[in-house]
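**Q** Below are the sequence and a predicted model for it; my questions follow.
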Amino acid sequence: MANTSENRSGDKRGSQGELPGAVDVLRGAHAQFTALTGMTAESVSSFERSEDGWVLSIEVLELARVPDTMSLLASYEVELDRHGELTGYRRLRRYERGRADRNP
């Protein structure tokens with residue numbers, strides 16, 4: 001019988017070789033992205049499981065300005081493997097904090 005534990009998100013996982021749950025993936029992605037880029041994610045705007053792992057869109061403060069509404073933010077797509085290890089990232093867009101997306 002395998003040992004199981006329950007994490008904060010309520011996922012039950014075995015003690016050997018089990019894949020991380022969503023909360024663990026988010027925490028790990030945040031730490032790995034910050035370590036690689038020196039930038040801290042302000043928020044996660046999308047999060048989904050892919051065939052190969054996970055894909056996240058995160059919002060990052062790239063350049064602080066005064067007033068704050070003129071600060072530059074960026075959206076990054078972050079890819080992780082099934083074990084939550086960051087495999088790549090790319091900037092999708094850059095925008096001022098006070099700007100809303102245009103409706104098509």
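**A** Done, it's in. Because the structure is predicted, anything quoted here is derived from the model rather than measured.

**Q** first vs last residue of stretch 76-95, how far apart are they?
**A** End-to-end distance for stretch 76-95: 12 Å, by C-alpha to C-alpha, to the nearest Å.

**Q** And the contacts of that stretch?
**A** Contact partners of stretch 76-95, identified using C-beta atoms under 8 Å, 6 or more residues apart in numbering, comprise 19-20, 24-25, 28-29, 32-33, 36-37, 50, 52-60, 62, 72-75. Backbone N, C-alpha and C define where each C-beta goes, glycine included.

**Q** again with stretch 64-74
**A** 42, 59-63, 91-98.

**Q** From the contacts of stretch 76-95, keep the buried residues only.
**A** Neighbour counting over these (16 or more other C-beta atoms under 10 Å) leaves 20, 24-25, 28-29, 32-33, 53-54, 56, 58, 60, 73-75 as the buried ones.

**Q** among these, which are in helices?
**A** Here DSSP state H is the test, and those give Asp24, Val25, Gly28, Ala29, Gln32, Phe33 as lying in helices.

**Q** tell me the contacts of the last one?
**A** Contacts of Phe33 were listed using C-beta under 8 Å, 6+ apart, and they are Met39, Ala41, Ile58, Tyr76, Val78, Leu86, Tyr89.

**Q** which ones among those are found in strands?
**A** Counting by DSSP state E, the part of the contacts of Phe33 found in strands is Ala41, Ile58, Tyr76, Val78, Leu86, Tyr89.

**Q** Quick check: phi and psi at Leu19.
**A** With angles defined as degrees, to the nearest 10, Leu19 sits at phi -80, psi 150.

**Q** Let me see the confidence value for it.
**A** Looking at Leu19, its pLDDT is 89.

**Q** Count the neighbours of the nearest residue to it once chain neighbours are set aside for me.
**A** In this structure, Leu19 finds its nearest non-sequential neighbour in Arg82, 5.7 Å apart by C-beta to C-beta, 6 or more residues apart in numbering. Arg82: 14 surrounding residues under other C-beta atoms under 10 Å.

**Q** again with the one 4 residues further on
**A** Leu86 has 19 neighbours, counted by other C-beta under 10 Å.

**Q** pLDDT weak spots in this protein?
**A** Residue ranges of the chain with pLDDT under 70: 1-16, 103-104.
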